[in-house]
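*Asks:* let me see the structure of the following:
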Amino acid sequence: MTTTKVLVGAALLLLVTIVCAAAPSDERWSAKEIAELTSLSLRELGEVPPDPTNRVADDARAAALGERFFFDTRLSGDGRVSCGTCHDPRREFQDGIPLGIGSAQTNRRTMPVAATAHSPFLFWDGRKDSQWAQALGPLESAVEHGGTRAQYAHVVAAHYREDYERLFGSLPDLAGLPAVAGPVDAPVARAAWEGLSRTRRDAVTGIFVNIGKAIAAYERRIQYRPSRFDRYVETLQETGRGPDNVLSRDEVAGLRLFVGKGNCANCHNGPLFTNNEFHNTGVSTRPGLPPDVGRLAGADNVLRDEFNCRSPWSDASTQCAELEFLITGDLVLERAFKVPSLRNVADRAPYMHAGQIGTLAEVIEHYNRAPQAPSGRSELEPLRLSALERRQIEAFLRSLSGGIRQ
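*Replies:* Okay, the predicted model is just below:
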């Protein structure tokens with residue numbers, strides 16, 4: 001009988017512990033705190049901003065064509081790689097591996113596509129300033145799609161002519177155009193490109209640009225769905241206190257740490273939990289990769305980019321405020337990388353620009369320790385979070401998962 005009572009008592013104690021851990025916090029939030037949490041709610045994101053550089057950005061026909069381009073492996077040198085190879089919709093439009101693999105292994109982690117229409121600069125180093133310009137980079141990269149502009153023009157003429165011409169007008173005459181030609185490193189393809197007249201090169205590049213603009217029209221529709229955190233904030237706005245059974249006590253504690261002691265919201269703010277800026281956070285190098293200075297090179301590259309907002313290929317080359325005020329050459333940009341959105345972050349391991357960190361717990365520990373940067377200067381200071389506080393922040397981050405809508 002005594003043993004039975006002990007077992008029952010232990011079971012009750014365990015049950016109480018579980019219930020208390022899962023129960024929401026009884027604490028109320030101040031009006032100022034509620035305003036800050038509201039600023040993080042997906043409801044505050046608003047409509048997808050217009051892209052004046054892409055006249056078909058919001059054309060449903062362009063989005064449908066862009067979706068077909070996105071998953072077409074014929075838009076690659078070896079016929080095996082599509083945008084969807086690395087940006088897999090089953091994996092939050094990324095690939096879940098440290099370094100992206102197209103026709104060969106790349107030097108960086110594949111970034112997710114969702115909500116990138118809200119970002120003024122793309123890639124880890126921000127070397128592109130629109131979704132359509134970003135889409136064009138991998139198509140000519142030797143380690144990603146590995147194809148050429150002439151090849152892609154032939155694919156469009158053979159397989160997409162009717163839909164393409166409905167959007168962009170008649171295709172130019174491609175008779176006699178080499179099967180492979182483009183301003184790439186491959187000697188044969190480059191020689192063939194340089195052998196074309198300027199008029200013909202521009203005609204082929206026009207087709208290439210329109211492929212990117214159609215892909216961008218599709219990508220603009222890829223957005224995040226609301227998470228448990230968003231449901232929590234919605235009720236908080238109405239009642240002044242968090243709702244029951246939406247966030248656990250640990251998740252609420254983690255949220256308080258996120259916007260408070262953890263300093264996470266300094267960079268991970270706004271409805272997408274990113275300021276869309278570039279920061280050096282002391283992330284280690286990955287053995288075997290060449291030096292990567294991040295934004296220091298990216299800022300220069302976007303100004304020189306053939307397809308930036310100011311280029312003749314932009315549909316609004318005079319509306320380029322982001323480029324007008326761009327900072328370049330400042331050493332503070334060395335090894336500064338783009339702040340990624342934290343929405344769905346628990347579903348996107350590994351982390352950092354080259355997949356150097358494997359788990360969320362390890363990411364939080366990195367920020368807690370604030371190691372020195374391999375080069376440049378890290379912006380981090382040690383946080384001195386306890387083991388419990390680190391677990392609570394991780395618990396909160398997991399509440400940001402809500403999936404993707406297209």
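*Asks:* how close does Arg220 get to Gln131?
*Replies:* 7 Å (CB to CB, to the nearest Å). The C-beta positions use only the backbone N, C-alpha and C, and glycine is treated the same way.
*Asks:* what sits in contact with each of those two?
*Replies:* 51, 117 (CB atoms under 8 Å, 6 or more residues apart in numbering).
*Asks:* what about the strands in the chain?
*Replies:* Ranges of strands in the chain, per DSSP state E, are 223-224, 278-279, 337-338, 404-405.
*Asks:* residues in contact with Met352?
*Replies:* Contact analysis of Met352 by CB under 8 Å, 6+ apart lists 109, 283, 337, 363.
*Asks:* buried ones in stretch 375-389?
*Replies:* Within stretch 375-389, the residues scored as buried using 16 or more other CB atoms under 10 Å are 376, 378, 380, 383, 385, 389.
*Asks:* mean confidence for it?
*Replies:* Mean per-residue pLDDT for stretch 375-389: 97.
*Asks:* now stretch 101-117
*Replies:* On average, stretch 101-117 scores 97.
*Asks:* again with stretch 174-181
*Replies:* On average, stretch 174-181 scores 98.
*Asks:* for it, buried residues please.
*Replies:* Per 16+ other CB under 10 Å, stretch 174-181 contains these buried residues: 174, 177-178, 180-181.
*Asks:* from those, which two are the most distant?
*Replies:* Using CB to CB, the two most remote members of the buried residues of stretch 174-181 are Leu174 and Val180, lying 13.1 Å apart.
*Asks:* nearest to Asp300, of the buried residues of stretch 174-181?
*Replies:* Of these, the one sitting nearest to Asp300 (CB to CB) turns out to be Ala181, at 27.4 Å.
*Asks:* what ranges does the stretch 51-200 of the chain have for its helices?
*Replies:* Assigned helices in the stretch 51-200 of the chain, in chain order: 60-70, 83-86, 131-140, 149-159, 161-168, 187-194, 198-219 (criterion: DSSP state H, counting those that start in this stretch).
*Asks:* how many neighbouring residues does Gln105 have?
*Replies:* Per other CB atoms under 10 Å, the neighbour tally for Gln105 reads 13.
*Asks:* state the distance from it to Gln134.
*Replies:* 20 Å.
*Asks:* Ser41 now?
*Replies:* From Ser41 to Gln134 the distance is 27 Å (CB to CB).
*Asks:* so where is the protein shaky, pLDDT-wise?
*Replies:* Applying pLDDT under 70 to the chain flags the ranges 1-27.
*Asks:* need the contact list for the spatially most central residue of it.
*Replies:* The chain has Pro112 as the residue nearest its centroid, 3.8 Å off, counting by CA atoms, centre = their mean. Going by CB under 8 Å, 6+ apart, Pro112 touches 87, 92-94, 340-341, 344, 348.
*Asks:* can you count the residues close to the closest residue to Pro172 other than its chain neighbours?
*Replies:* Spatial nearest neighbour of Pro172, excluding adjacent residues (CB to CB, 6 or more residues apart in numbering): Ala203 at 4.1 Å. Ala203 has 18 neighbours, counted by other CB under 10 Å.
*Asks:* please parse this structure into its domains.
*Replies:* 24-48+224-294+334-405, 60-219 (automatic domain parsing).
*Asks:* looking at those domains, which is nearest to Asp300?
*Replies:* Using CB to CB, the nearest of the domains of the chain to Asp300 is domain 60-219, at 8.6 Å.
*Asks:* how far off centre is stretch 142-156?
*Replies:* Offset of stretch 142-156 from its chain centre (CA atoms, centre = their mean, to the nearest Å): 24 Å.
*Asks:* could you do stretch 201-221 as well?
*Replies:* Worked out by CA atoms, centre = their mean, stretch 201-221 lies 20 Å from the chain centre.
*Asks:* what residues sit buried inside it?
*Replies:* 201, 203-221.
*Asks:* for stretch 240-252, same thing?
*Replies:* 242, 246-252.
*Asks:* export those residues to TSV and tack on distance to Arg310?
*Replies:* Formatted as TSV, the buried residues of stretch 240-252 follow (distance: CB to CB, whole Å):
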residue	distance to Arg310
Gly242	47
Val246	47
Leu247	46
Ser248	50
Arg249	52
Asp250	49
Glu251	45
Val252	47
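*Asks:* so which of those comes closest to Arg166?
*Replies:* Val246 (46.6 Å).
*Asks:* restricted to buried residues, select the contacts of Pro112 in PyMOL.
*Replies:* Typed into PyMOL, the next command selects the buried ones out of these (criterion: 16+ other CB under 10 Å):
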select buried, resi 87+92+93+94+340+341+344+348
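*Asks:* isn't Trp226 up against Leu42?
*Replies:* Rather than Trp, residue 226 is Pro. Yes: using CB atoms under 8 Å, Pro226 is in contact with Leu42, at 5.1 Å.
*Asks:* what touches both of the two?
*Replies:* Shared contacts of Pro226 and Leu42, counting by CB under 8 Å, 6+ apart, come down to Gly402.
*Asks:* who's more crowded, these two?
*Replies:* Using other CB under 10 Å as the criterion, Pro226 and Leu42 rank with Leu42 on top: 21 against 16.
*Asks:* any figure for the gap between Val155 and Ala179?
*Replies:* 11 Å.
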